[in-house]
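pasting a predicted model and its sequence here:
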Amino acid sequence: MTQDSWELGPAEGTLSVHTDVTGPAARTGHRLTIEMREWSATVSSSDGMPTGLSASVVVESLTVVSGEGGVTPLTGPEKSIARGNALKSLNASKAPTITYDAATITATETGYRLDGTLTINGKSRPHPLDVEVTGAQRATVETVVSQREFGLKPYSMMMGALKVVDEVTVAVDVELPSGP
């Protein structure tokens, strides 16, 4: 039995967050694409099969990449404001790291099922992930996370007429090292 581990991070792929907006003034807001630029994951394996995963994301590495919708295109200064609002909503000053730990990984028809714990804002919740592996060299995950479930208040303005939707979509797309 060969035991091994390998590291993943921004050099291997992307970790992005996609938001939506709601409320009477929703048409004026932007649906953001945010990238987390500083993250790492360690995958442990036995005989080439993954057996555990531990991941960490630095909240301050949040970067607003684009914004769809809105009355006008999202400008550079507006991206900076949106970043500041997101960091405040995520309570980055008190909870600077988001983590995910999976001690159980099960093979599926299309990849793997991870049964793990997601920790945001100091609150931990069970959060299963379905990882799709294509061509043995690419892994993708898309999952929905409720901000309120982790004690976060989604950003809102104009007395709630424009609000970020509670549930955000988190997507990970990585190239796997050869031989895991």
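Happy to help now that I have it.

which parts of the one helix or strand Gly84 maps to are buried?
Using DSSP states H and E, Gly84 falls within helix 76-89. Using 16 or more other CB atoms under 10 Å as the test for burial, helix 76-89 gives 79, 82-83, 85-86, 89. The C-beta positions use only the backbone N, C-alpha and C, and glycine is treated the same way.

would you list those residues in a markdown table and tack on distance to Thr28 and pLDDT?
Below are the buried residues of helix 76-89 laid out as a markdown table (distance: CB to CB, whole Å; pLDDT from 0 to 100):
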| residue | distance to Thr28 | pLDDT |
| --- | --- | --- |
| Lys79 | 16 | 95 |
| Ala82 | 13 | 93 |
| Arg83 | 19 | 96 |
| Asn85 | 15 | 93 |
| Ala86 | 18 | 95 |
| Ser89 | 19 | 94 |
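
just curious, which of those is nearest to Gly29?
Comparing the buried residues of helix 76-89 against Gly29 with CB to CB places Ala82 closest, at 9.9 Å.

wait, Leu62 sits on Thr33?
No - counting by CB atoms under 8 Å, Leu62 does not reach Thr33; the two are 11.5 Å apart.

what sits in contact with each of those two?
Val17 (CB atoms under 8 Å, 6 or more residues apart in numbering).

helix or strand right after the helix or strand bottoming out on mean pLDDT in the chain?
Least confident element among the helices and strands of the chain, by mean pLDDT, DSSP states H and E: strand 156-157 (a mean of 83). Going down the chain from strand 156-157, the next helix or strand is strand 162-164, by DSSP H and E.

so what strands line up beside the least confident helix or strand of the chain?
strand 162-164 (antiparallel) (DSSP bridges).

average pLDDT across the partner strand?
Per-residue pLDDT values over strand 162-164 give a mean of 88.

next, the angle helix 76-89 makes with the helix or strand just after it.
Note on strand 162-164: by DSSP H and E, the next helix or strand toward the C-terminus is strand 167-175. Counting by axes from the mean of the first three to the mean of the last three CA atoms, to 10 degrees, strand 167-175 lies at 110 degrees to helix 76-89.

hey, C-alpha coordinates of strand 167-175 in PDB?
In PDB, the C-alpha atoms belonging to strand 167-175 read as follows (Å, rounded to 0.1, in the frame of the first residue of the first chain):
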ATOM      1  CA  GLU A 167     -27.000  31.500  -1.600                       C
ATOM      2  CA  VAL A 168     -23.800  31.900  -3.600                       C
ATOM      3  CA  THR A 169     -22.300  29.400  -6.000                       C
ATOM      4  CA  VAL A 170     -18.700  28.300  -5.400                       C
ATOM      5  CA  ALA A 171     -16.800  26.700  -8.300                       C
ATOM      6  CA  VAL A 172     -13.400  25.000  -8.300                       C
ATOM      7  CA  ASP A 173     -11.700  23.900 -11.500                       C
ATOM      8  CA  VAL A 174      -8.200  22.400 -11.200                       C
ATOM      9  CA  GLU A 175      -5.800  20.400 -13.300                       C
END
